[in-house]
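Enquirer: Model the following, please.
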Amino acid sequence: MIQAASQNGTQRTRHAMREERTEVLVVGAGPVGLLTAILLAEAGIEVRIIDREERTAARSYACALHPRSLKLLEGMGLAAPVLEAGRRLETIAFYDGAARQAEVKLSQLGGAFPFMVILPQNAFESLLEQRLRQLGAMVNWNHRFADLQNDAETVVATLEELGATATGYIVPHWETVVKRQFPVRARFLVGADGYGSLVRQRLGIEHNRVAGPEFFAAYEFEPEEKVEDEVRVVLDPSTTNVLWPLPANKYRWTFQVLKSEMASEFPEKERRGVRFAEKIVDERIRQYVQKVAKQRAPWFSAGVKAITWCTEVVFEHRVVRQFGQDHCWLAGDAAHQTGPVGVQSMNVGMSEAATLADALRRILRDKAPLSLLETCNRQWQDEWRRLLGLTGGLKPRNETSPWVAERRARILSCLPASHEDLARLAGQLRLDL
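Expert: Numbers count the residues shown, from 1 in each chain. A predicted model of the protein is given here:
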């Protein structure tokens, strides 16, 4: 529950009238928002970044970085620590039940990083935040975006500084409160505030939804035996599932959950509700993962020793009708989403951050026209039309295997690539983009 903190009218008036200023305000301190802020700071742009959370991601939900993203990070001096913290993977194998049907190898892409890297998202975000601090900027945690107003040259964002207060007499608990509300005037605002982006909502920008929603259950676990060092995607007739190798000899099964299964079989809700019987519930979840893995991937013989974490996630295939307007622009999940396997939304969002930061630098420092941002919008729209299959999708050749040809629409979002790398990986499957 969120409520306004009590304070006298004089204090409210004083806070409301104090207008703060910056050149660029970034809303959201996930990977895309942090990367945007770093690139702006490196270019000598005054940047302020806010996030409603208390710190970077507390959970170690793993993310995958594409070769293109690793190249971008190299230019910022971050590739080496990312490689140290993560696990390199070169092969993505496609299965249908027990049968291995196809594979793609990132090693064939060449370049400095012919692989992708899996690492915990909190570790990645911590590296980005540390780099931002080195540049003399820092995240304003516990700050929430509330509203915005555009004028001819700037945007005024209303922000809320959040705090916590204890309520209850017998059993106290903490509630989030608004300590103060204040305006920030910026030349530009970047909304990198994720799937439910409030920036997008305030701008009134709608989505083009291609498919979804699709429901997935993710389980990180310790295996009883070693698993092959590759990503394995199971595309059976009705579900998409993936086994991810993670750092520290852990793995993650991500199962697509059909609506018919959701009410009775997915045990995450049970875990949330039964705190006093964790061992019993964890064993029930372990048995569930083992059972579903055997059903959908009969080749899975490593076993599940212990569940370390699980969650539910929902994905849609969608992109905004425009990435922004005037002095307000979107990047990352605030603007788009696709299936979870190829991790395309975050990685392409990082490319968008780089393009956007460069465009803002040119506008703010080199007096480039504001229309440069509309050029970016057209480029991003073109890329997402390809990624979502709106330009015809992957096209089979005469020599394409029937299994790959039949599932080519689902394979598109499973390829860990974008731009020219996407066509090159698709070519390994005898598919054209």
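
Enquirer: For G349, list the residues it contacts.
Expert: P31, V32, A192, A331, G332, D333, A335, H336 (CB atoms under 8 Å, 6 or more residues apart in numbering). Where C-beta positions appear, they are placed from N, C-alpha and C, glycine not excepted.

Enquirer: Correction: the previous question concerned F113.
Expert: Contacts of F113 by CB under 8 Å, 6+ apart are P67, L70, K71, E74, A79.

Enquirer: Now P340: which helix or strand?
Expert: P340 belongs to no helix or strand when assigned by DSSP states H and E.

Enquirer: Can you tell me how far it is from K105?
Expert: Note on P340: its distance to K105, by CB to CB, to the nearest Å, is 21 Å.

Enquirer: Which one's more surrounded, those two?
Expert: A count of neighbours by other CB atoms under 10 Å puts P340 above the other of P340 and K105, at 22 against 15.

Enquirer: so what's that one closest to, chain neighbours aside?
Expert: Once flanking residues are discounted, P340 sits nearest to F315: 5.5 Å by CB to CB, 6 or more residues apart in numbering.

Enquirer: Could you do E54 as well?
Expert: Leaving aside its sequence neighbours, E54 sits nearest to W141 (CB to CB, 6+ apart; 5.5 Å).

Enquirer: what bridges to the one you found?
Expert: D51 (DSSP bridges).

Enquirer: Verify the contact between it and G28 for me.
Expert: No - contact criterion CB atoms under 8 Å: W141 and G28 do not qualify, at 11.8 Å.

Enquirer: In terms of neighbours, single out the busier of the two.
Expert: Using other CB under 10 Å as the criterion, W141 and G28 rank with G28 on top: 30 against 17.

Enquirer: re earlier: check contacts around the residue nearest to E54.
Expert: Taking CB under 8 Å, 6+ apart as the test, what W141 contacts is A29, I50, D51, E53, E54, R55.

Enquirer: Save those as JSON lines, and put in neighbour count too.
Expert: As requested, those are exported to JSON lines (neighbours: other CB atoms under 10 Å):
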{"residue": "A29", "neighbour count": "29"}
{"residue": "I50", "neighbour count": "23"}
{"residue": "D51", "neighbour count": "24"}
{"residue": "E53", "neighbour count": "16"}
{"residue": "E54", "neighbour count": "10"}
{"residue": "R55", "neighbour count": "14"}
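
Enquirer: Contact partners for the closest residue to H336 other than its chain neighbours?
Expert: Leaving out its chain neighbours, the residue that sits closest to H336 by CB to CB, 6+ apart is V319, at 4.3 Å. By CB under 8 Å, 6+ apart, V319 lies in contact with H207, N208, V210, A335, H336, Q381, W384, R385, L388.

Enquirer: got any ranges where the stretch 1-150 of the chain has weak pLDDT?
Expert: 1-17, 57-60 (pLDDT under 70).

Enquirer: Can you list the strands that the helix or strand hosting I118 pairs with?
Expert: Under the criterion of DSSP H and E, I118 resides in strand 116-120. Strand pairing for strand 116-120, using DSSP bridges, gives strand 62-65 (antiparallel), strand 87-89 (antiparallel).

Enquirer: of the ones you listed, which approaches T158 most closely?
Expert: strand 62-65 (31.1 Å; CB to CB).

Enquirer: what sits up against that closest one?
Expert: Strand 62-65 has contacts (CB under 8 Å, 6+ apart) with 31, 73, 82, 86, 89, 116-121, 124, 220, 244, 246-247, 252, 343, 346-347, 416.

Enquirer: still on that earlier bit, quick one: which of the contacts of W141 is nearest S351?
Expert: Once CB to CB is applied, the member of the contacts of W141 that ends up nearest S351 is A29, at 18.6 Å.

Enquirer: my guess is that closest one contacts N142, does it?
Expert: No - applying CB under 8 Å, one finds A29 not in contact with N142, separated by 11.1 Å.

Enquirer: In the longest strand along the chain, which residues are buried?
Expert: With secondary structure taken from DSSP state E, the chain has its longest strand at strand 173-191. Across strand 173-191, burial judged by 16 or more other CB atoms under 10 Å covers 176-191.

Enquirer: just stretch 237-250 next, same as before
Expert: T239, T240, N241, V242, L243, W244, P245, L246, K250.

Enquirer: would you list the residues you listed in a markdown table and tack on secondary structure and pLDDT?
Expert: Putting the buried residues of stretch 237-250 into a markdown table (DSSP: H, G, I helix; E, B strand; the rest coil; pLDDT from 0 to 100) gives the following:
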| residue | secondary structure | pLDDT |
| --- | --- | --- |
| T239 | coil | 96 |
| T240 | strand | 97 |
| N241 | strand | 98 |
| V242 | strand | 97 |
| L243 | strand | 97 |
| W244 | strand | 96 |
| P245 | strand | 96 |
| L246 | strand | 95 |
| K250 | strand | 93 |
